[in-house]
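Trainee: This is a predicted model, with the sequence first.
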Amino acid sequence: MATKTTKAKSAKTSDLEAAVYSSSGKSEGSVKLPAHVFGLPWNADLVHQVVTAMQANARQPVAHAKDRSEVRGGGKKPWRQKGTGRARHGSSRSPIWRHGGVTHGPRKAKNYAQKVNRKMRVKALYTTLSKRYADGRITFLSGLDFKEPKTKVAREVLVAVGSIAGNAGLAERRKNTLYVVLPKENAHVKKSFRNLGNVLVGTAQTLNPVDVLSYQRLLVVSPSESLKVIEARNK
């Protein structure tokens, strides 16, 4: 009985295999994918917690209402304390006055940051990658070599990738969003895709669960190099 359980566990943890294509859409062999990155079960609670925390950490507080100490004017006492028959006031910028300060208004000093452990963040990334891979929404490209920034060449790559099974209509419809994962920064590739509204270029080092879930499809360039960087983030 123990032997069967051990065999089942080893089968589950065995590496996966995915096809690799060229920038022209032709098959160029395959690549082995680590099961602990692309073979994890879906964990909605973990992903929700990490994504919510990352969005909160990226939030910039903008709403800000000035209180009576920040509004302009009001330095002079409106009228003398006694003898006028009116209520006493010390400043025309009191909250009860027109153009006065705001009481209990929103303040930009509010901190929305949430703590996320590194292991949780990495596990959420691997979980989202596993989900995208299970749904057939990750394509592996052998490489992208742009000698200069050219949007025309970038669109030709999209058309070629769109000819691969499961990527139909990638270059025709803007709603088919694509996230291009590079092993390292490449200015020519980034500038070439910049004018295409449905494509964002990033690196394996900066890849995160928010980006994976925000884009419908992923294009992993130079998978052998990119996967090493993604796996190294768990160390």
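Mentor: Yes, it's here.

Trainee: May I have the secondary structure class of residue 95?
Mentor: Here residue 95 is recorded as coil under DSSP: H, G, I helix; E, B strand; the rest coil.

Trainee: confidence score at it?
Mentor: If you check residue 95, the pLDDT there is 94.

Trainee: Verify the stated contact: it with residue 103.
Mentor: Yes: between residue 95 and residue 103 there is a contact at 4.4 Å, judged by Cβ atoms under 8 Å. Quick note: C-beta positions are derived from backbone N, CA and C, even for glycine.

Trainee: what sits in contact with each of these two?
Mentor: residue 67 (Cβ atoms under 8 Å, 6 or more residues apart in numbering).

Trainee: Grab the nearest non-local neighbour of the residue nearest to the spatial centre of the chain.
Mentor: Taking Cα atoms, centre = their mean, the centroid of the chain lies closest to residue 211, which sits 2.9 Å from it. The shortest distance from residue 211 to any non-neighbouring residue, by Cβ to Cβ, 6 or more residues apart in numbering, is to residue 179 (5.7 Å).

Trainee: So what does the one you found look like in phi/psi?
Mentor: Phi and psi for residue 179, reported as degrees, to the nearest 10, are phi -110, psi 120.

Trainee: Tally up the residues packed near it, please.
Mentor: Applying other Cβ atoms under 10 Å, we find 22 residues neighbouring residue 179.

Trainee: Mind pulling up the pLDDT for it?
Mentor: pLDDT, residue 179: 94.

Trainee: can you check residue 159 too?
Mentor: On pLDDT, residue 159 comes in at 88.

Trainee: which residues of the protein fall in strands?
Mentor: Secondary structure of the chain (DSSP state E): strands at 16-21, 27-33, 138-141, 178-182, 199-203, 217-221.

Trainee: Could you give the separation of the shortest one from the chain centroid?
Mentor: Read it as strand 138-141. Centroid displacement of strand 138-141 relative to its chain, using Cα atoms, centre = their mean, to the nearest Å, is 19 Å.

Trainee: which secondary structure elements does that strand contact?
Mentor: Under the contact definition 3 or more Cβ pairs under 8 Å, 6 or more residues apart in numbering; DSSP states H and E, strand 138-141 sits against strand 16-21, strand 217-221.

Trainee: Run through who's touching that strand.
Mentor: With contact meaning Cβ under 8 Å, 6+ apart, strand 138-141 is reached by 18-23, 31, 38, 129, 132, 161, 164, 166-167, 217-223.

Trainee: ok, the residue of the chain most remote from its centre to residue 99 distance?
Mentor: Centroid-distance maximum for the chain: residue 83 at 65.0 Å, with Cα atoms, centre = their mean. Separation of residue 83 from residue 99 (Cβ to Cβ, to the nearest Å): 26 Å.
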